[in-house]
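Colleague: take this sequence and fold it.
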Amino acid sequence: QVGMGVSIHPLAVVQPGAELGADVTIGPFCAVGPNVRLGDRVVLRSHVSVDGHATLGAGCEVWPFASIGGKTQDLKYKGGAPRLVIGDATVIRECATLNCATFDGGETRVGSKCLIMAYCHVAHDCVVGDRVIMANNATLAGHIVIEDDVILGGLTGVHQFVRIGRMSILGGFTKAVKDVPPYMMADGDPLKVYGPNKVGLERHGVAPEVQQALKEAYKIVYRTDLTTAAALARIEAEIAPSPEIRNFVEFIRKSERGISK
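Modeller: Alright, predicted model coming up:
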C-alpha cells in the first residue's frame, strides 16, 4: 500500500507488503521490509534498514546507516511477531539501532518528538516517552522505562529494568543501575543524584514554588537518615501536594530496583 506523493529512489528496495503513507521519501540504498508501516511524510535519508513489524509515525526522519526494527538481541527470542512502534516526528540519527521486542506480541515503544542521536541503542521491550533526547552513544538495555522529557547524556549506559523519571537529566558517561526519580539531575559512576533539574524545570514552565517543593522533597529522601517509606510519608505530610510532588513520591514508592542515591 503506497500513499500519494511517495518518492522511492531507484536504488532503494521496498518489499511487497510494506505500507507507505502520503509523501514518504525513501532515499538510495534503503531497505524496507514487508511488515513495515511508514506514516505520512516519513523520510529515510539513505542506507537505512527498516525491518520486522516496525511502525514509524508521521514526520519521522531517519539518517544513514540506522537500523530500525531489527530482531532483538535477546537470546530468548523464539520467533513470532514482536513489534517496534515509534511515535510522530521522532528523529533518528546515524547508526542508531532500535530493536523489536523479544516475545510474540510484545512491543518496544519510542514516543513522539524524540531525538535519538548517532550510535544510540534502544533494546527490546523498552518504553521511551515523548520528547526524550538521547545524546550520542547513549545505550538502553532491555525492559527500560524512560519517561517524558528525559535527557540522557552521551555514552550513558542504562541497566535492564531501570526506570528514569520524567524531566530528569543524566550526565555524559553515566552508569544507571537503579531508578532515577523524576525531575532530578544525576551524574557519574557510581551514579549520584544531585538535586532537582533546575534548568529543565524552568524550561518546562514548572512554577517556582513547585521547584522549591521538589528541592525540599529531594532533601528529605537524600539528606536525612529516614527509610524510604518514612521519607515519602514525611513528604506527603509536610509538603504541599502538586502533580510533580505526587509523581516524585509515587515513582519512588513503585521502584522495584531501588533508587539511585
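Colleague: quick check: closest non-adjacent residue to T174.
Modeller: Nearest residue to T174, sequence neighbours excluded (C-beta to C-beta, 6 or more residues apart in numbering): T156, at 4.5 Å. Yep, even glycine has a C-beta here, placed from its N, CA and C like the rest.
Colleague: report the buried residues of stretch 143-159.
Modeller: 143-159 (16 or more other C-beta atoms under 10 Å).
Colleague: equivalent analysis for stretch 92-109, please.
Modeller: Buried residues in stretch 92-109, counted by 16+ other C-beta under 10 Å: 92-103, 106-109.
Colleague: could you do stretch 210-228 as well?
Modeller: Quick answer for stretch 210-228 (16+ other C-beta under 10 Å): 210-211, 213-214, 217-218, 220-222.
Colleague: just the CA coordinates of stretch 197-204, formatted as CSV?
Modeller: Provided in CSV are the C-alpha atoms of stretch 197-204 (Å, rounded to 0.1, in the frame of the first residue of the first chain):
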residue,chain,number,x,y,z
ASN,A,197,16.9,19.6,37.3
LYS,A,198,16.5,23.3,37.7
VAL,A,199,17.2,24.2,34.1
GLY,A,200,14.8,21.6,32.8
LEU,A,201,12.1,22.6,35.3
GLU,A,202,12.4,26.2,34.2
ARG,A,203,12.3,25.3,30.5
HIS,A,204,9.1,23.3,31.0
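Colleague: so what touches that stretch?
Modeller: Residues outside stretch 197-204 that contact it (C-beta atoms under 8 Å, 6 or more residues apart in numbering): 149, 151, 167-169, 183-185, 210-211, 214.
Colleague: likewise stretch 4-24?
Modeller: Applying C-beta under 8 Å, 6+ apart, the external contacts of stretch 4-24 come out as 1-3, 25-44, 46, 58.
Colleague: now list the buried members of the residues you listed.
Modeller: Among the contacts of stretch 4-24, those classed as buried by 16+ other C-beta under 10 Å are 25-27, 29-33, 35-44, 46, 58.
Colleague: okay, helices next: where are they in the stretch 151-261 of the chain?
Modeller: 198-203, 208-222, 228-238, 243-253 (DSSP state H, counting those that start in this stretch).
Colleague: let me have the ones you listed in CSV, extended by mean pLDDT and distance to P82.
Modeller: Output for those, formatted as CSV (pLDDT from 0 to 100; distance: least, C-beta to C-beta, whole Å):
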stretch, mean pLDDT, distance to P82
helix 198-203, 97, 33
helix 208-222, 98, 37
helix 228-238, 98, 35
helix 243-253, 98, 27
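Colleague: go through those helices and name the closest to D179.
Modeller: Counting by C-beta to C-beta, D179 lies closest to helix 243-253 out of the helices of the stretch 151-261 of the chain; the figure is 7.3 Å.
Colleague: any buried residues in the closest one, and which?
Modeller: Residues of helix 243-253 classed as buried: 244-245, 247-249, 251-252 (neighbour count, 16+ other C-beta under 10 Å).
Colleague: adding distance to A229, write those out as TSV.
Modeller: Converted to TSV, the buried residues of helix 243-253 look like this (distance: C-beta to C-beta, whole Å):
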residue	distance to A229
E244	20
I245	16
N247	18
F248	15
V249	11
F251	14
I252	10
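Colleague: and T90, how far from P190?
Modeller: 31 Å (C-beta to C-beta, to the nearest Å).
Colleague: neighbour count for those two, which is higher?
Modeller: Remark: of T90 and P190, T90 carries more neighbours, 24 against 11, as counted by other C-beta atoms under 10 Å.
Colleague: how about that one, what does it touch?
Modeller: Contacts of T90 by C-beta under 8 Å, 6+ apart are 56-57, 60-61, 110-116.
Colleague: the closest residue to T139 other than its chain neighbours bridge partners, please.
Modeller: Once flanking residues are discounted, T139 sits nearest to H121: 4.6 Å by C-beta to C-beta, 6+ apart. Here H121 sits in beta bridges with T97, T139, going by DSSP bridges.
Colleague: check H121 and give its pLDDT.
Modeller: Looking at H121, its pLDDT reads 98.
Colleague: could you number the chain from 16 rather than 1 from now on?
Modeller: Fine by me, first position is 16 from now on; the one you just mentioned is H136.
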